[in-house]
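K.L.:
How does the following fold in three dimensions:
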Amino acid sequence: MAKDSTLNKDNHPDYHWVTGQLCLAGMLDTRMLSLLRAIEASGSINQAAKLAGLSYKGAWQIIERANNMAPKVLISTATGGSKGGGTRLTTAGKALLNLFTQLEQQHRAFLAELNRKLTDDPDMLLLLKPLAVKTSATNQLFGRVSEIAIGAVSIEVRVSLKGGDHVVASVTLDEWRTLALDVGSEVLVLVNASEIMLAVETLPPLSARNSLKGRVIRILQDGVDAEVILRLPGGDTLSASITLASLRNLNLKKNSACHALFKSNAPILAALPTEAAPISVIDPE
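P.N.:
Have a look, this model is predicted:
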């Protein structure tokens, strides 16, 4: 069954490529100011802690730290049992909260301007768009669709990688329409390490449609399996998970030449977004 999911629903000109947290004087951050706002609204440490997503003890620690480090008391408390008694912001506390609120507005406007500039820069977006995809697949390769072959049962999508290699992925007609792929579309090719076979000899005819030749740059062993990382000619890396017995039989070492083999139904295609479209993924199972 194919799965179609949206990985990034905010992929439009307002997407937050640049993010940042505001911190004042090295200690006054959004968590502390959220607590100040909650105290101002509720008049109770117990309620304010809940509103700010903090424990009662954690809220008290923040209050004590703020009062100890500020030249003027920020929060006035009257202990009244487990409910926290009466709590209010002092004049200094209110002034600090107002200042931070103004800075937050300016901070948001600053980040919005940076994101707008990035959205208007096609070269920068080309670098950033693949990073917006979150996936558990071990291997993620950027490429462009170079050929689409429509068959009676399935569609083969040929993707050119940046090093000149090609990957073929099979999808159904419905999946192809969902992804809205065309020649020239930018995609990520996602392949799980367990889907990849390795070979070191001259290859006989194989049923696997994909064969990428690289060199071993690293081998990791955990006592049961081995992870072999190859570097492809274009600089991409590819990870394959094999048994320790297979590792010994292949006699793989660092700098060994090696073929990574996988079938056309192994890759998951992720269509990288345009300004108006979210990221879509098809997992051909």
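
K.L.:
G20: what secondary structure?
P.N.:
State at G20, reduced to three classes by DSSP: H, G, I helix; E, B strand; the rest coil: coil.

K.L.:
residues in contact with it?
P.N.:
Shown in contact with G20 (Cβ atoms under 8 Å, 6 or more residues apart in numbering): 107, 111. Glycine gets a C-beta too; all of them are placed from N, C-alpha and C.

K.L.:
let's go with 10 Å and repeat that
P.N.:
Shown in contact with G20 (Cβ atoms under 10 Å, 6 or more residues apart in numbering): 107, 110-111, 114.

K.L.:
Would you list the buried entries among those residues?
P.N.:
By neighbour count, with 16 or more other Cβ atoms under 10 Å, these hold L111 as buried.

K.L.:
Under the pLDDT cut-off, which ranges of the stretch 1-150 of the chain? List them.
P.N.:
Scanning the stretch 1-150 of the chain for pLDDT under 70 picks out the ranges 1-19, 25-27, 69, 78-85, 115, 118-137.

K.L.:
Do you have the strands of it handy? List them.
P.N.:
Here the stretch 1-150 of the chain has its strands, by DSSP state E, counting those that start in this stretch, at 3-8, 23-24, 28-29, 75-78, 86-89, 139-150.

K.L.:
Including distance to L179 and mean neighbour count, could the ones you listed go into JSON lines?
P.N.:
Shown next, in JSON lines, are those (distance: least, Cβ to Cβ, whole Å; neighbours: other Cβ atoms under 10 Å):
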{"stretch": "strand 3-8", "distance to L179": "8", "mean neighbour count": "13"}
{"stretch": "strand 23-24", "distance to L179": "41", "mean neighbour count": "14"}
{"stretch": "strand 28-29", "distance to L179": "41", "mean neighbour count": "18"}
{"stretch": "strand 75-78", "distance to L179": "54", "mean neighbour count": "16"}
{"stretch": "strand 86-89", "distance to L179": "53", "mean neighbour count": "17"}
{"stretch": "strand 139-150", "distance to L179": "10", "mean neighbour count": "17"}
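
K.L.:
Out of those strands, which is closest to T178?
P.N.:
Nearest to T178, of all those, is strand 3-8, at 5.1 Å by Cβ to Cβ.

K.L.:
and the residue nearest to L74 when sequence neighbours are not counted, what is it in contact with?
P.N.:
Spatial nearest neighbour of L74, excluding adjacent residues (Cβ to Cβ, 6 or more residues apart in numbering): G93 at 3.7 Å. Residues in contact with G93, defined by Cβ under 10 Å, 6+ apart, are 36, 39-40, 63, 66-67, 70, 72-76.

K.L.:
hmm, 7 Å instead?
P.N.:
36, 74-75 (Cβ atoms under 7 Å, 6 or more residues apart in numbering).

K.L.:
ok, the residues you listed vs V153, which is closest?
P.N.:
For the contacts of G93, the nearest to V153 is L36 (62.6 Å; Cβ to Cβ).

K.L.:
what number of residues lie near the residue lying closest to the closest one once chain neighbours are set aside?
P.N.:
Leaving out its chain neighbours, the residue that sits closest to L36 by Cβ to Cβ, 6+ apart is L97, at 4.9 Å. Neighbourhood size, L97 [other Cβ atoms under 10 Å]: 18.

K.L.:
L97 and L35 touch, don't they?
P.N.:
No: with contact defined as Cβ atoms under 7 Å, L97 does not reach L35; the gap is 10.2 Å.
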